[in-house]
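> Here is a sequence together with a model predicted from it:
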Amino acid sequence: MASSWTWKKAIKVGAAAATAGGGGCALLYLTSVYNSDRKKEQVQQQLAASGLNKRPSKPLPTRADQLNSLANEQFDVLIIGGGATGSGCALDAASRGLKTAMVEYDDFSSGTSSRSTKLIHGGVRYLQKAIMNLDIEQYKMVKEALHERANLLEIAPHLSFPLPIMLPVYKWWQLPYFWAGIKAYDLVSGGDCLKSSYILSKSRALELFPMLKKNELKGAIVYYDGMHNDARMNISIAISAVRLGASVANHVKVVDLIKTDGIVSGAKVRNQLTGEEFSIKAKSVINATGPFTDSIRKMDDGQTRDIVCPSAGIHIMLPDYYSPSNMGLLDPATSDGRVIFFLPWQGLTIAGTTDTPCPVTNSPGPSESDIQFILSEVKNYLTPDIDVRRGDVLSAWAGIRPLVKDPNAGDTASLVRNHVVHVSDSKMVTIAGGKWTTYRAMAAETVDEAVEAAQLGVGPSMTDGLLLEGAHNWAPTMFIRLVQDLGVDTAVAQHLSDTYGDRAFSVGKMAGLTGQRWPIVGRRIHQEFPYIDAEVRYAVKEYAATAVDVIARRLRLSFLNVQAAEEALPIVVSIMADELGWDKEEQDKQTEDAMDFLRMQMGKDLNKASRDNIPVSLTKAEIAEYVKRFNALDDGKKGYISINDIRKSLKSQGEEVTGQQIHELLNELDANHNGQVEVEEYLQMMSAIKSGTVSHSRFAKMAEMDYKAKKYGEHMERSGGGV
């Protein structure tokens, strides 16, 4: 029986369908809902009978145990690549009862899978093309993606949720055109429709999205797609595979393939952390390496043609005030024809993406030109009241999208619209292309090919409806129990619940005492974010092996705010050192590697260069004022400001700060890293603040307050508000 909720949803959207396209469309929609609901019930019955959806209770094997298993056991399937698709293949194979191995060169989701737009979507644009071109293949692709979107929200409800996305309309003719397209999106989704789309008047649109440009706005259309924490989702898929018996290891590189009588039968691998090499034996090998697909294919056949056409997608993070907390924005036609999304994510705003041909690399980074392009497009849609500043870019990153040509086709010049599964003469199975949303369907198809190629003799995929790590006993109100039972603050509890699901209690129990009245436990590793010490310890249990693994994939801090990630790094390294037994030399190496990652891949160097390259454009009066502030801080008239000057100023203002915080203040301006701030560096910073290249500076505010205190006296009276 279909649930009452499903039929209420069906009636609402069916009524809209009747209005849009007549009773026939409504009937088709209702039939689709009914069939979808019956299929879901059948799937749940099968999973219940198999016991696959029972919550696992055994502890995870250690990384050492996993490496030992990989080196000494024989496997049915070896998957190369631990991104969304590779992890999906591991879960699919393990759920069928296959003895499964998976290795990843870097960390799970370290590549494209952690650098997405964070949307789980069916593809509104693809549906438009399918309808306009009467393209049945494009239609099937959208239909599949819409089902996978709904499935992902069901199997990981703690990590994913429906997000309303606004499509602003500035020309009257666009209103019925866009509405018809979006309503078709609802209809095609059938029983997998998240929520029905709707039209907004101008006033209502501005009420929901007050940052929107008002001039010439006619109204808006709101539709729903899914959103998720992509890296955490990827790791949850990999951990779910481990729970079903898969042996997996990150930081293990494939250096060569093993062949027996011309058939691929395993791989020679190297532990990237120790340098140790060993062999993994398997009856079938799957290549799921995304942008690096061709490098593995050439290990199999040195003469094979490249099929990957890499394209870089850049995203930037902006402060929360750039968007409402519960609604995104779609710019369907930018100045160069690309699509820009503008979305609330993890308490901030994500904007992107671009689409630029690029080389394949392990360390893709953003470009200043792409950052400027996104900012200019953002500016086109926001009210002039908001000053869109380069200094508001908190972080920026690039993900390499592996567009592919079909090696199965005679014409390999044109790109495929979806994904490609290819079986080589030596029986290696390659999966390439596709998108995050359809990872599960891609994995099922890939494992089907591997089963057939190696004659493994197992049944069909069991992952449709298979709950992921943390989903089994999760409820939206679980965070309240975390507050009440553990004594963490509400923001931390909400974060733990939404990240780890029903495993949040296991994380929370590892939290240290704060020493405060409230919260009792859960020391934050950075005061601006709800990440706590226990998460670093738990990350190690989930195979985090480097500081970058933690700040990028486990906590997402580097993606949210590169400066905050740098400030939290010493705490992260210290906790990991306790867990993994790092000596001083290894801690220094981890810190250096993490700083290189932040500089090159998360936009730290670009943020700094954008500030340093701004010419000093201050008036004579401004320069005179700022020089006075500088001189007030420069105790002894040395010609520079030292750490002792900063410490003395803060102490006189009654501020209690740590040595690390003082160093952070100094580093904001110390461009040449000599431990001193010269007047030229100070004037450069003030000019950057004036131009908007830098949004704010703690050092600048401290200098201003120090100067005023010395000019007007230590005990300035506050104006207003007294009696």
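Cool, the structure landed. Residues are numbered from 1 along each chain as shown.
> which regions of the stretch 301-450 of the chain sit below the pLDDT cut-off?
Regions of the stretch 301-450 of the chain meeting the criterion pLDDT under 70 cover residues 335-337, 408-415, 417.
> need the helices for it, in chain order.
Ranges of helices in the stretch 301-450 of the chain, per DSSP state H, counting those that start in this stretch, are 368-381, 439-454.
> swap in the stretch 151-300 of the chain?
Applying DSSP H, counting those that start in this stretch to the stretch 151-300 of the chain gives helices spanning 174-189, 202-208, 230-243, 293-300.
> Looking at the ones you listed, which is nearest to Val447?
Val447 sits nearest to helix 230-243 of all these, at 11.7 Å, using CB to CB. In this view, the C-beta of every residue, glycine as well, is placed from N, C-alpha and C.
> Now the closest one: average pLDDT?
For helix 230-243, the mean per-residue pLDDT is 98.
> now swap in stretch 209-223 and tell me
Stretch 209-223 shows a mean pLDDT of 94.
> outside of it, which residues touch it?
With CB atoms under 8 Å, 6 or more residues apart in numbering as the contact definition, stretch 209-223 has outside contacts at 124, 164-172, 174-175, 178-179, 182, 185-186, 197-202, 205-206, 208, 321-324, 327, 329, 380-384, 386.
> still on that earlier bit, can you tell me which of the helices of the stretch 301-450 of the chain comes nearest to Lys54?
helix 439-454 (19.7 Å).
> buried ones in that closest one?
Residues of helix 439-454 classed as buried: 439-451, 453-454 (neighbour count, 16 or more other CB atoms under 10 Å).
> repeat for stretch 589-606
So, applying 16+ other CB under 10 Å, buried residues of stretch 589-606: 590-591, 594-595, 597-599, 601-606.
> again, but for stretch 528-547
For stretch 528-547, a neighbour-count test (16+ other CB under 10 Å) marks 529-547 as buried.
> among these, which are in helices?
Per DSSP state H, helices hold the following members of the buried residues of stretch 528-547: 533-541, 547.
> What strand or helix carries Ala101?
Assigned by DSSP states H and E, Ala101 belongs to strand 100-103.
> neighbouring strands for the helix or strand just after that strand, and are they parallel or not?
Where DSSP H and E defines the elements, the next helix or strand beyond strand 100-103 is strand 119-120. Using DSSP bridges, the strands paired with strand 119-120 are strand 219-228 (antiparallel).
> Which positions within the strand it pairs with qualify as buried?
Across strand 219-228, burial judged by 16+ other CB under 10 Å covers 219-228.
> Distance check, Gln128 against Val339.
Distance of Gln128 to Val339, given as CB to CB, to the nearest Å: 11 Å.
> err, Met600, not the other one
Per CB to CB, Met600 is found 27 Å from Val339.
> OK, contacts around the closest residue in space to Thr353 that isn't next to it in sequence?
Once flanking residues are discounted, Thr353 sits nearest to Gly313: 3.9 Å by CB to CB, 6 or more residues apart in numbering. Each residue near Gly313 by CB under 8 Å, 6+ apart is listed here: 115, 117, 352-355, 398-401.
> Now with 7 Å, please.
Gly313 sits next to 352-355, 398-399, 401 when contact means CB atoms under 7 Å, 6 or more residues apart in numbering.
> Give me the subset of the residues you listed that lies in strands.
The strands, defined by DSSP state E, take in 352, 398-399, 401 from the contacts of Gly313.
> most neighbours, which of these?
Among these, Gly352 has the most neighbours (other CB atoms under 10 Å), with 30 neighbours.
> Would you mind measuring from the closest residue to that residue other than its chain neighbours to Leu557?
Leaving out its chain neighbours, the residue that sits closest to Gly352 by CB to CB, 6+ apart is His315, at 3.3 Å. Per CB to CB, His315 is found 15 Å from Leu557.
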